[in-house]
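K.L.:
give me the fold of what follows.
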Amino acid sequence: MREDVKLEGWTIRAQGGPEDAFLESVFFSGNGRMGARGCPALRARPRPADTGLFIAGIFGELKPGITDIVNLPTPLYERVLLNGEEPEFAAPLERTLDLASGLLTLRYTLGQGGGRLQVEEERFFSLANPALLLQRTTLWPQGGMELVLESGVELACCNRPVPDDQVKERGETVRLADCTAAVERPGGFAAEFSIRGTGLAVRQELALRAQGLGAGEAFYRPGEAAGTRFAARAAAGSALRLEKAAAIATSRDLDPLLAPLPEGWAFDELLQENRRAWAEKWARCDVPPCGGEARTALRYVIHQLIANCSARDDTVSIGARGLTHTRYKGCYFWDTDLFMLPFYLENDPAAARSLVRYRVNTLPQAKAHAKKMNGAGARYPWMTSLDGTEQCESWDIGCSEVHITADVAYAAGQYMERTGDRELFLGGGAELLVETARFWGSRYSPEPGTERVNLLFCKGPDEYCGITSNNLFTNAMARHNLELALAAAEALRRLDPEQYLRLGLGPAEAEGWRRLHAAIKLPRDPETGRPRQDDTFHLLEPVDPAALKDGDQASYHKVCFDRVQRYRAIKQADVILLMTRLPGLFTREEKLAAWAEFEPLCLHDSTLSFATHALFAFQNGLAEQGEAYLEKALFLDLRDVMGNTGKEGLH
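P.N.:
Numbers count the residues shown, from 1 in each chain. Below is the predicted model of the structure:
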């Protein structure tokens, strides 16, 4: 647990080393379209795999068909020489993030040979114009010195691919962005990059304004950095300032708010414009009064949900680590559909629409995936990125976690019911519900001698249960998917008969969905009648969950995956999760009995679990337990509860 991040009102701040990965994650800043970790632009040594820039939808190819979100060359790059030598950090670095505006400020002191230089960096990614990144660096020499300041683009940024297998480490790096042009421009610099494997392109145009630094000259060190170099004789008490604006475009831009850097730009004016854009967001989603740090923590969580959602680009979704890290290759999971979408549905319906539209846009790939897996209809892949194809390289997870398809349908249904968005419904939303329902007809196996069916070779949200059958969560969500499809087909018959016929719908298929719905089992204990997680969970070996963990760190650091799958211990909320999403399926007595049975067995090895338990507890009158879980969810990253925020980015 970390206790060094201080929370007050609209601000978080911390002091620490310049290469503290935890603080670099926590002090991420972004505007949804792009963002960067909280690293200083001035660095004591090159860190190309740890510093960089992430843009939603910019993926490069690691190998045929497998991509990684690109750690792009970054304009957050500066280098200083004091009396001809590289200085060192002479004191802890202080980071401050203003949650109301997204302004990140870093203050620190550099020293070399008795000379000292105080530095302040201010940066923000504009929410008003998501193409813009602004950085202002102010230097205060503490004595006379010859000073050289370089500012431009770090070209050496690269990826350190992370295996799907969470117990494996990988140290090698790969560069996915090649510099194809670097040219000096009046008052600045421009660089162009080609992304390996995917053919995407990124262009960065930099404009610089210097005060007290004299005229600049271009520099270019291939494979390292390029930009403008300033030299000055600095006197004690003077203030030197460099303002940088980067307008960043890509070959796949869709956001209508993207615009070039305005002529006559000023850092403070663009900051005020950005503040107004954030104020509009906060006017819709600020939190009610609650205890001190908890309110700031909740604001922090909301701030990051906004800063990691490219709200007007429906060709992208939100990765499990947003734009804060390359963990999980930047891929999109059910996390977005089931856990994040409700926030946007409540506070930013346009963003919610964009996220649902992403799933509609990738319906062709889901249909192709179903066909590849010898199924019908549409089967959504476990991990997707640039083009909606499967990116998971772990066969058991990718093949068995079929609940993803029902989760996508649930989220789409939730959005369309809440908003009444007829345009999206008729423009692919209804088809999504129909095609996902068709998948379930091909995935269930008839049970010999009965009219029932079984869902074999599956995993529910509890990935530690081993390969099982008839997972309650999956079966209930599949039945819900069928209900949504039946309603969608009937609505299409009335509203768009042509599409109804084009999709091949008819009474016979609807009747088949009803029969399948009735045939799907919801596992229950034959003696108590209480819901079971699946057909085999009760057969697993009992264990004290505390014996499998060190604090809140994931148990796979202590027990191998093969062994943990044979213990009666739950990775994350499963039955409990279902009861928060489809609460009408269960009585209050069944819910409380499930809490008594499953809550003590949960390892919370997924960060999706704490908030789910908090929600369940509050929904069912368990206020004390709800507050305890809510605190863990709120401070998950701010206190590094699971010990992996620095290593893997924000959750």
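
K.L.:
may I ask which helix or strand of the chain has the lowest mean pLDDT?
P.N.:
Using mean pLDDT, DSSP states H and E, the weakest-scoring helix or strand in the chain turns out to be helix 395-400, at a mean of 84.

K.L.:
run the chain-centre distance for that one.
P.N.:
21 Å (CA atoms, centre = their mean, to the nearest Å).

K.L.:
convert the helix or strand following that helix to PDB, retaining C-alpha atoms only.
P.N.:
Next along the chain after helix 395-400, taking DSSP states H and E as the criterion, comes helix 403-419. Taking Å, rounded to 0.1, in the frame of the first residue of the first chain, the C-alpha atoms of helix 403-419 are listed here in PDB:
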ATOM      1  CA  HIS A 403     -20.000 -14.700 -21.700                       C
ATOM      2  CA  ILE A 404     -18.400 -11.800 -23.600                       C
ATOM      3  CA  THR A 405     -21.100 -12.200 -26.300                       C
ATOM      4  CA  ALA A 406     -23.900 -11.900 -23.800                       C
ATOM      5  CA  ASP A 407     -22.200  -9.000 -22.100                       C
ATOM      6  CA  VAL A 408     -22.000  -7.000 -25.300                       C
ATOM      7  CA  ALA A 409     -25.700  -7.700 -26.000                       C
ATOM      8  CA  TYR A 410     -26.600  -6.700 -22.400                       C
ATOM      9  CA  ALA A 411     -24.700  -3.400 -22.700                       C
ATOM     10  CA  ALA A 412     -26.300  -2.600 -26.100                       C
ATOM     11  CA  GLY A 413     -29.700  -3.500 -24.800                       C
ATOM     12  CA  GLN A 414     -29.200  -1.300 -21.700                       C
ATOM     13  CA  TYR A 415     -28.200   1.600 -23.900                       C
ATOM     14  CA  MET A 416     -31.100   1.300 -26.300                       C
ATOM     15  CA  GLU A 417     -33.600   0.900 -23.600                       C
ATOM     16  CA  ARG A 418     -32.300   3.800 -21.600                       C
ATOM     17  CA  THR A 419     -32.000   6.200 -24.500                       C
END
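
K.L.:
all the strands of the stretch 301-450 of the chain, residue numbers only.
P.N.:
For the stretch 301-450 of the chain, strands defined by DSSP state E, counting those that start in this stretch occupy the ranges 445-446.

K.L.:
helices of that one, start to end?
P.N.:
Taking DSSP state H, counting those that start in this stretch as the criterion, the stretch 301-450 of the chain carries its helices at 334, 341-347, 349-361, 363-372, 395-400, 403-419, 422-424, 430-443.

K.L.:
now do the buried residues in stretch 158-166.
P.N.:
158, 159, 160, 161, 162, 164, 166 (16 or more other CB atoms under 10 Å). C-beta here means a position set from N, CA and C on the backbone, and glycine is covered the same way.

K.L.:
now it: average pLDDT?
P.N.:
Across stretch 158-166, the average pLDDT comes to 82.

K.L.:
list the contacts of that stretch.
P.N.:
48-49, 52, 60, 62, 68, 70-71, 170-176, 326-329, 392-394, 397, 554, 556, 648 (CB atoms under 8 Å, 6 or more residues apart in numbering).

K.L.:
which of these are buried?
P.N.:
For these, buried by 16+ other CB under 10 Å: 48-49, 52, 60, 62, 68, 70-71, 175-176, 326-329, 392-393, 554, 556, 648.

K.L.:
what helix or strand is residue 178 on?
P.N.:
strand 177-185.

K.L.:
that strand: partners in the sheet, and parallel or antiparallel?
P.N.:
strand 188-195 (antiparallel) (DSSP bridges).

K.L.:
next SSE downstream of the partner strand?
P.N.:
Once the chain leaves strand 188-195, the next helix or strand it forms, by DSSP H and E, is strand 201-211.

K.L.:
can you point out the buried residues in that following strand?
P.N.:
201, 202, 204, 205, 206, 207, 208, 209, 210.

K.L.:
can you name the residues bridging to the fourth one?
P.N.:
According to DSSP bridges, the partner residues bridging residue 205 are residue 190, residue 247.

K.L.:
picking up where we left off before, got the CA coordinates for the strand holding residue 178 in PDB?
P.N.:
C-alpha atoms of strand 177-185 as PDB (Å, rounded to 0.1, in the frame of the first residue of the first chain):
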ATOM      1  CA  ALA A 177       6.700   3.700 -35.000                       C
ATOM      2  CA  ASP A 178       9.300   4.700 -37.600                       C
ATOM      3  CA  CYS A 179      10.100   8.300 -38.300                       C
ATOM      4  CA  THR A 180       9.600   9.000 -42.000                       C
ATOM      5  CA  ALA A 181      10.100  12.800 -42.000                       C
ATOM      6  CA  ALA A 182      11.500  15.400 -39.600                       C
ATOM      7  CA  VAL A 183      11.600  18.900 -40.900                       C
ATOM      8  CA  GLU A 184      12.200  22.400 -39.400                       C
ATOM      9  CA  ARG A 185       9.300  24.800 -39.700                       C
END
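
K.L.:
let me see the residues that make contact with it.
P.N.:
60, 70, 72-73, 153, 155, 157, 189-196, 202, 205, 218, 220, 222-223, 226, 228.

K.L.:
that older thread, and the least confident helix or strand of the chain, what does it pack onto?
P.N.:
Contacting helix 395-400 under the criterion 3 or more CB pairs under 8 Å, 6 or more residues apart in numbering; DSSP states H and E is no other helix or strand.

K.L.:
what does it contact?
P.N.:
Contacts for helix 395-400 (CB under 8 Å, 6+ apart): 164, 373, 381, 382, 383, 390, 392, 457, 458, 459, 463, 467.

K.L.:
now do the third one against residue 597, distance only.
P.N.:
If you measure residue 381 against residue 597 using CB to CB, to the nearest Å, the figure is 32 Å.

K.L.:
which residues in the stretch 151-300 of the chain form strands?
P.N.:
177-185, 188-195, 201-211, 217-221, 225-234, 240-250.

K.L.:
tabulate the ones you listed (JSON lines), appending distance to residue 525.
P.N.:
Putting the strands of the stretch 151-300 of the chain into JSON lines (distance: least, CB to CB, whole Å) gives the following:
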{"stretch": "strand 177-185", "distance to residue 525": "55"}
{"stretch": "strand 188-195", "distance to residue 525": "53"}
{"stretch": "strand 201-211", "distance to residue 525": "56"}
{"stretch": "strand 217-221", "distance to residue 525": "68"}
{"stretch": "strand 225-234", "distance to residue 525": "64"}
{"stretch": "strand 240-250", "distance to residue 525": "54"}
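
K.L.:
closest to residue 147 out of the ones you listed?
P.N.:
Minimum separation from residue 147 across the strands of the stretch 151-300 of the chain (CB to CB) falls at strand 225-234, 4.5 Å.

K.L.:
what angle sits between that closest one and strand 201-211?
P.N.:
Counting by axes from the mean of the first three to the mean of the last three CA atoms, to 10 degrees, strand 225-234 lies at 10 degrees to strand 201-211.

K.L.:
flag the shaky bits of this protein, pLDDT-wise.
P.N.:
165-170 (pLDDT under 70).

K.L.:
buried ones in the least confident helix or strand of the chain?
P.N.:
By 16+ other CB under 10 Å, the buried positions in helix 395-400 come out as 398, 399, 400.

K.L.:
same check on stretch 37-48?
P.N.:
Buried residues in stretch 37-48, counted by 16+ other CB under 10 Å: 37, 38, 39, 40, 41, 42, 43, 47, 48.

K.L.:
same check, this time on stretch 509-526
P.N.:
Buried residues in stretch 509-526, counted by 16+ other CB under 10 Å: 509, 510, 513, 516, 517, 519, 520, 521, 523.

K.L.:
element containing the fourth one?
P.N.:
In this assignment (DSSP H and E), residue 516 forms part of helix 507-519.

K.L.:
centre of the chain versus the next helix or strand after that helix, how much separation?
P.N.:
Downstream of helix 507-519, the next assigned helix or strand under DSSP H and E is helix 561-564. How far helix 561-564 lies from its chain's middle: 27 Å, per CA atoms, centre = their mean.
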